[in-house]
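J.: sequence-free structure coming up:
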């Protein structure tokens, strides 16, 4: 037996050496000596030698080999040194011959293989490993009639008839499931858009009365308790609230990026859980020439110093991937920590971008004048006393200047109560001590003089505040007033001053452009918004580029901080007395959908649904 095996090996080596010049043999040597590639496409579509088949247990390899068929691996053009062509066909009982399509030949080792068994047989045999016992060639017919061969041929027939594989079936199943869940999630998005009072499941049931798909889904998956995936739970609702809020935030950030120039409006107030919330409003001009103010987020803060608030603003701008160099204005509520010239927020931001000029909030200015006048009498004196009284300083640091609802006994209300009590006491004392009209006359005269002095102090304070605000507005008028001057005015000096104030945005040709543009708009109303929209509608941006930029810069100027105050009103509705423990992410997402409701209705959330379904489909299948 050992001598017989040695004889067969010697014959194989002889055949290989004899046909070394055969191109098939060279191909076999090249692939057998080369580095094995894990990608089946690198050899399944090029190799014609069945002895070089690798990893035939892989379903992908089987699919490629079945697609190619057996013909490329039969190598009928090669020389057969050990057997005749008669072995490639079998004789039927009626004398006819039929080609053995399953028989493959390897020119590299001179062996024959069974096409179907090499692909599907689970047991090794001579026709899987290579048959070369030509003295017993009758074994070819025996193998052809064996049950194992016929089973493999049946499997090959089924696979050849159907192009589908197990992987493709799974992919189709996942696609079908993904489409199903997408239909469910689209309805969830519609409910969240309509959501106002928190009746999530109630609205879903209401829609199910008119939506057969949703009704069938609730019938199959609803109310089955924990562990059953239905995507109608509060968890799915919370995830979609966050995803939709993030989508709105990204859309607004993209709008600001497209507009290029923007202004920042910031204000703060404590919420019902006594957390100071900083609101961010961005003002810009969209490509159609409309002025837009968008709410972005609430940010909890612990410090009210100008440096800390400036860091929060810079962090928000950076998180939105905005270029701070395109920020042209900043507007706050005129508090000293915001508008201060030395340590205020505006000063810290100007260090990062010198073109971020401060614009006082017109709505807060009048309110601040009255506040400053009151502070000059009561709170201002307390601040001065705190410098010399450690107990009072500690009390102010702990309780002073808190929001409404915090008992500190340092408010103007407390001051009025003390005045009333003291006034009653004084009246009683005076009634007892005043003996004649002369004393009463001198007392009244003294009180009148004191009142007159206090009134003068308040008037001086109001005048100072008014002058400070007027200087800021006067500076803006001097800069942008050139855009609205009559045609007969010389605008060269004013236009050059505006160009010098914005050297990165405007050039010296602004004066010439304004001269022609004023003639062009002579019959139109001199309203900045109308002028810009007329220019855009007539496609004059390239004709008057500097005028176009100047109008956008002017309209980007924030006038008031009213949008920030409106955001606080929305926050009090979202984070009400029953939701004081709401997390910050949920607060921001719900506030975005509430404040920017028009944008919410315009946006399509199909991408959010697709991404969510893609991530969750496999979880449902498993």
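T.: Sure thing, it's come through. In this text, all values refer to a predicted model and were calculated from it rather than measured experimentally.
J.: next one: phi and psi at the closest residue to residue 75 other than its chain neighbours?
T.: Spatially, and ignoring its direct neighbours in sequence, residue 75 is nearest to residue 105 (4.8 Å; C-beta to C-beta, 6 or more residues apart in numbering). Backbone N, C-alpha and C define where each C-beta goes, glycine included. Note on residue 105: backbone dihedrals following degrees, to the nearest 10 are phi -130, psi 140.
J.: my read: residue 105 touches residue 112, true?
T.: Yes: under the criterion of C-beta atoms under 8 Å, residue 105 makes contact with residue 112 at 5.4 Å.
J.: which element is residue 158 on?
T.: In the assignment (DSSP states H and E), residue 158 maps to helix 147-161.
J.: Give me the helices and strands touching that helix, please.
T.: If you count contacts as 3 or more C-beta pairs under 8 Å, 6 or more residues apart in numbering; DSSP states H and E, helix 147-161 packs onto helix 59-68, helix 115-120.
J.: tell me the mean pLDDT over the helix or strand hosting residue 292?
T.: Using DSSP H and E, residue 292 maps to strand 291-300. Averaging pLDDT along strand 291-300 gives 94.
J.: Neighbouring strands of that strand in the sheet, and parallel or not?
T.: strand 276-285 (antiparallel) (DSSP bridges).
J.: contacting residues around residue 261?
T.: 284-285, 326-328, 505, 552-553, 556 (C-beta atoms under 8 Å, 6 or more residues apart in numbering).
J.: residue contacts, the nearest residue to it once chain neighbours are set aside?
T.: Nearest in space to residue 261, with sequence neighbours left out and distances taken as C-beta to C-beta, 6+ apart, is residue 556 at 5.0 Å. If a contact means C-beta under 8 Å, 6+ apart, then residue 556 has 261-263, 283-285, 291, 328-329 as its contacts.
J.: Break down the stretch 251-400 of the chain into its helices, ranges please.
T.: For the stretch 251-400 of the chain, the helices defined by DSSP state H, counting those that start in this stretch occupy 306-319, 336-339, 345-352, 362-377, 379-386, 390-399.
J.: mean pLDDT lowest for which of these?
T.: helix 362-377 (a mean of 53).
J.: does residue 226 sit in a helix or strand, and which one?
T.: Remark: residue 226 resides in no helix or strand, with elements defined by DSSP H and E.
J.: how far away is it from residue 592?
T.: Separation of residue 226 from residue 592 (C-beta to C-beta, to the nearest Å) stands at 30 Å.
J.: For the two, indicate the residue with more neighbours.
T.: More crowded of residue 226 and residue 592, by other C-beta atoms under 10 Å: residue 592, with 28 against 5.
J.: looking at the protein, which helix or strand is least sure?
T.: helix 23-33 (a mean of 44; mean pLDDT, DSSP states H and E).
J.: If you count neighbours, what's buried in whichever strand or helix holds residue 514?
T.: Element membership of residue 514 [criterion: DSSP H and E] is helix 510-520. Residues 510-511, 513-514, 517-518, 520 are the ones in helix 510-520 that count as buried (16 or more other C-beta atoms under 10 Å).
J.: And the residues you listed, which is closest to residue 189?
T.: Of all these, residue 517 has the smallest distance to residue 189: 46.0 Å, by C-beta to C-beta.
J.: Model confidence score at that closest one, please.
T.: At residue 517, pLDDT is 83.
J.: which residues does it contact?
T.: By C-beta under 8 Å, 6+ apart, the neighbours of residue 517 are 544, 547.
J.: could you redo the last one with a cut-off of 10 Å?
T.: By C-beta atoms under 10 Å, 6 or more residues apart in numbering, the residues touching residue 517 are 483, 510, 531, 535, 540, 543-544, 546-548, 550-551.
J.: among the residues you listed, which ones are buried?
T.: Buried among the contacts of residue 517 (16+ other C-beta under 10 Å): 483, 510, 531, 535, 540, 544, 546-548, 550-551.
J.: and these, which of them are in helices?
T.: If you go by DSSP state H, these have 510, 531, 535, 546-548, 550-551 in helices.
J.: what number of residues lie near residue 263?
T.: 22.
J.: What is the burial count for the residue lying closest to it once chain neighbours are set aside?
T.: Excluding the flanking residues, the one nearest residue 263 by C-beta to C-beta, 6+ apart is residue 329, at 3.8 Å. Residue 329: 20 surrounding residues under other C-beta under 10 Å.
J.: doesn't residue 264 make contact with residue 329?
T.: Yes: using C-beta atoms under 10 Å, residue 329 is in contact with residue 264, at 7.5 Å.
J.: Pull up the overlap in contacts between those two.
T.: The contact lists of residue 329 and residue 264 share 283, 356, 558, where a contact means C-beta under 10 Å, 6+ apart.
J.: so who does the last one touch?
T.: It refers to residue 558. Taking C-beta under 10 Å, 6+ apart, one finds 262-265, 281-283, 293, 329-332, 358-362, 564 in contact with residue 558.
J.: Chain neighbours aside, what residue packs nearest to it?
T.: residue 331 (3.7 Å).
J.: Pretty sure residue 537 sits against residue 287.
T.: No: counting by C-beta under 10 Å, residue 537 does not reach residue 287; the two are 12.0 Å apart.
J.: Need the residues touching each of these two.
T.: In contact with both residue 537 and residue 287: no residue, using C-beta under 10 Å, 6+ apart.
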